[in-house]
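Q: Have a look at this prediction, sequence included:
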Amino acid sequence: MKRKNIALLCALILAAATSFSLLGCGGCAGTKAPAGQTQAEENSAALRDVEVRQSEEQLSPEAQSTYAFLLCAQALNTEDEAALLRAAPLMTAAGLPANIWLEGGVWLVGRKSAAAVPYLEQGLSVAPDDMSLNLLYAEALMEQGTPERGVELMRAYLAKHPDSLDARLELALLLVKSKEYTEAEVLLNSVTAKERTPLVDYYHARALIGMDKQAEAIPYLQKAIKEMPDFVEAMAELAFIHEQRAELKSARNLYEKLLKFNFSPQDVLLRLINLSLRMNQPERALKYMRQGPDTVPFKLTVAGLFIDSRHYLQAESLLKQIAAKDDAPVDVYLLLADLTYEQRHDLPLALSWLDKVPPQSKAAPRGALLRIQLLGESGKDQEALAATRQAQKQFSDIPQFWDVEIRLLARQKEMPQALEAARKAAKKWPDNADMAFLLGSLLDESGDKKEAFKVMEHILTLHPDNHQALNYVGYTLADENRELERALALLVKADELSPDQSYIVDSLAWALYRLGKNEEALIQIRRAVRLDENADASIWEHYGDIASKAGLKDEARNAYQKALDLKPDNADALRQRLSKQ
């Protein structure tokens, strides 16, 4: 059946809505013309009393409504978004009912059209209390990145219609999507057992997961899956919870069910491979891999999982298969080089893999850095230094090669050369905070603490949130017992920017100690040693001083002894302090 021409139908209906018709005229068909009258005169006489079609503004309300409806239908029938938007003002003027607006809104939202929001706003101006329009408008706001507007809309709607279950559920859904989990859970708890559906249970579980209550979420997900066995989204959430809780067999069973439903098969296979490796079943992991796509990216990802789990032989075999292909990506050579050295410390073979990296490829800088790293780890410092300087010529705009050179020189105790290289690099990249910090650290190590302090202060003028410079300046001020309030403020900020770093927490404790805030200092120094099992001697020394000041002699003795066990340069001074406890 051919599609009707709605525009033509529209014109015919409008013509029928006028006051006169041809059939009501004196010159209608079948009436003979007076003698001597030509056909043209006859036609003119027939049309003389027929009114011209009225403009849209002059149509009767019924005709306006019909015209607006037909324009909307024509736009949807031809999938013409622009035509639908042109029809919307006429639909508003005609006061078309909500179900007609809803059809257009569903189509626009389904297309993820930016026009969905303004279109639905016009619809709501006609039918502000229609629940379906409100729900769809809230969804459109969520889709277009303004969930907070959707949440406020549904809160307002629910305030006017407190008994609307659909409005309550839509608000809860929006709150979950907006990560406002606590309010969502309160709403979902108000849904009775009789009113609950698998979707309600799923979003209730999502709210609980967002609140880090995975154990409480599990029964809701299990119930949703029991009532809807093909509810794959709930199944995926439950599988991931089991995986996080190390309930690996339960997780694997669910992921295997998801495979049967063909739910995101590649991602599910990677999860199954990862689970198998965690369960020390590499052969099963390979079996899952063979079910996946025969593509290089997928196999590279799998190889990475094998490397991470230290199943090096399987990883190497897989990488070599990829390397044998004509279209092998350059990254595979980097992985093989790293893996070869990690597994067998075979430097020549590792370097031979790096030789395959084309010098003009995007991976060439990473290949050069890996070559330098492997040479350095093998104790071939001079070769590493030569490779670094060659790379500086080839990749002159990459600061990492200057960083490596400086560190190699410092490791070889060539401090004057290292400082010279660091100054040149800091001048070449004046805004590079890492390079400036390296220079400051070398100055400090070489004994020029005054110059080092200037460099660190300069970093803070350019990068006020650099936690390393904040720590250096703050600790230096505290250690020199000056500007203590500023020192404390800097170290509090450093701890906020990079939390739970033992060396920063130690600095913070020392500033509090210098300020006479001994109770707070004790809290922080205890935190510092808890954060690092291998805390250095200076941290234990600070612990001893702070505990001693607090009169905690046993704690002080223990701290001083731990510092002495690490054989620090100031061992004699520590023994004297220990003897006084």
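A: Alright, I've got the coordinates.
Q: drop to CA atoms for contacts and neighbour counts, all remaining ones
A: Will do.
Q: for the stretch 301-450 of the chain, what spans make up the helices?
A: Ranges of helices in the stretch 301-450 of the chain, per DSSP state H, counting those that start in this stretch, are 312-323, 331-344, 347-354, 364-377, 381-394, 400-411, 415-428, 433-445, 449-462.
Q: let me redo that: the stretch 51-200 of the chain
A: Using DSSP H, counting those that start in this stretch, the helices found in the stretch 51-200 of the chain span residues 61-77, 81-94, 98-110, 116-126, 131-143, 147-160, 165-177, 181-189, 198-210.
Q: now the ones you listed in a markdown table, with mean pLDDT?
A: Below are the helices of the stretch 51-200 of the chain laid out as a markdown table (pLDDT from 0 to 100):
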| stretch | mean pLDDT |
| --- | --- |
| helix 61-77 | 89 |
| helix 81-94 | 93 |
| helix 98-110 | 93 |
| helix 116-126 | 94 |
| helix 131-143 | 89 |
| helix 147-160 | 88 |
| helix 165-177 | 86 |
| helix 181-189 | 91 |
| helix 198-210 | 93 |
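Q: For the nearest residue to A205 once chain neighbours are set aside, list the residues it contacts.
A: Nearest residue to A205, sequence neighbours excluded (C-alpha to C-alpha, 6 or more residues apart in numbering): A217, at 4.4 Å. Listed by C-alpha atoms under 8 Å, 6 or more residues apart in numbering, the contact set of A217 reads H204, A205, R206, L208, I209.
Q: surely D201 meets A224?
A: Yes. Counting by C-alpha atoms under 8 Å, A224 is a contact partner of D201 at 5.9 Å.
Q: hmm, back to that, reformat the helices of the stretch 51-200 of the chain as TSV; add mean neighbour count and distance to Q266.
A: Output for those, formatted as TSV (neighbours: other C-alpha atoms under 10 Å; distance: least, C-alpha to C-alpha, whole Å):
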stretch	mean neighbour count	distance to Q266
helix 61-77	19	37
helix 81-94	18	36
helix 98-110	18	26
helix 116-126	20	33
helix 131-143	21	26
helix 147-160	18	31
helix 165-177	22	25
helix 181-189	18	30
helix 198-210	23	23
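Q: Pass me the low-pLDDT residue ranges in this structure, would you?
A: In the predicted model of the chain, residues 1-59 satisfy pLDDT under 70.
Q: ok so, going back, mind putting the helices of the stretch 301-450 of the chain into JSON lines with distance to A93 and mean neighbour count?
A: As requested, the helices of the stretch 301-450 of the chain are exported to JSON lines (distance: least, C-alpha to C-alpha, whole Å; neighbours: other C-alpha atoms under 10 Å):
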{"stretch": "helix 312-323", "distance to A93": "66", "mean neighbour count": "18"}
{"stretch": "helix 331-344", "distance to A93": "63", "mean neighbour count": "20"}
{"stretch": "helix 347-354", "distance to A93": "72", "mean neighbour count": "18"}
{"stretch": "helix 364-377", "distance to A93": "65", "mean neighbour count": "20"}
{"stretch": "helix 381-394", "distance to A93": "70", "mean neighbour count": "17"}
{"stretch": "helix 400-411", "distance to A93": "66", "mean neighbour count": "20"}
{"stretch": "helix 415-428", "distance to A93": "67", "mean neighbour count": "18"}
{"stretch": "helix 433-445", "distance to A93": "62", "mean neighbour count": "21"}
{"stretch": "helix 449-462", "distance to A93": "59", "mean neighbour count": "17"}
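Q: just so I know, which of those lies nearest V191?
A: Closest of the helices of the stretch 301-450 of the chain to V191 is helix 312-323, at 50.8 Å (criterion: C-alpha to C-alpha).
Q: which outside residues touch that closest one?
A: Residues contacting helix 312-323 (C-alpha under 8 Å, 6+ apart): 282, 296, 299-300, 303-304, 306-307, 328-329, 332-333, 335-336, 339-340, 343.
Q: Over to stretch 331-349?
A: 300, 307, 312, 316, 319-320, 322-323, 350-354, 356-357, 363, 367, 370, 374-375, 378.
Q: same thing with stretch 499-509?
A: Taking C-alpha under 8 Å, 6+ apart as the rule, stretch 499-509 contacts 471, 474-475, 488, 491-492, 494-495, 520-525, 527-529, 531-532, 535, 539, 542.
Q: Any of those buried? List them.
A: 471, 474-475, 488, 491-492, 494-495, 521-522, 524-525, 527-529, 535, 539, 542 (16 or more other C-alpha atoms under 10 Å).
Q: if you look at those residues, which of them are in strands?
A: Among these, no residue falls in strands (DSSP state E).
Q: So which of the residues you listed belong to helices?
A: Among those, DSSP state H puts 471, 474-475, 488, 491-492, 494-495, 521-522, 524-525, 527-529, 539, 542 in helices.
Q: rewinding a little: mind putting the contacts of A217 into a markdown table with distance to A410?
A: Converted to a markdown table, the contacts of A217 look like this (distance: C-alpha to C-alpha, whole Å):
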| residue | distance to A410 |
| --- | --- |
| H204 | 57 |
| A205 | 55 |
| R206 | 53 |
| L208 | 52 |
| I209 | 49 |
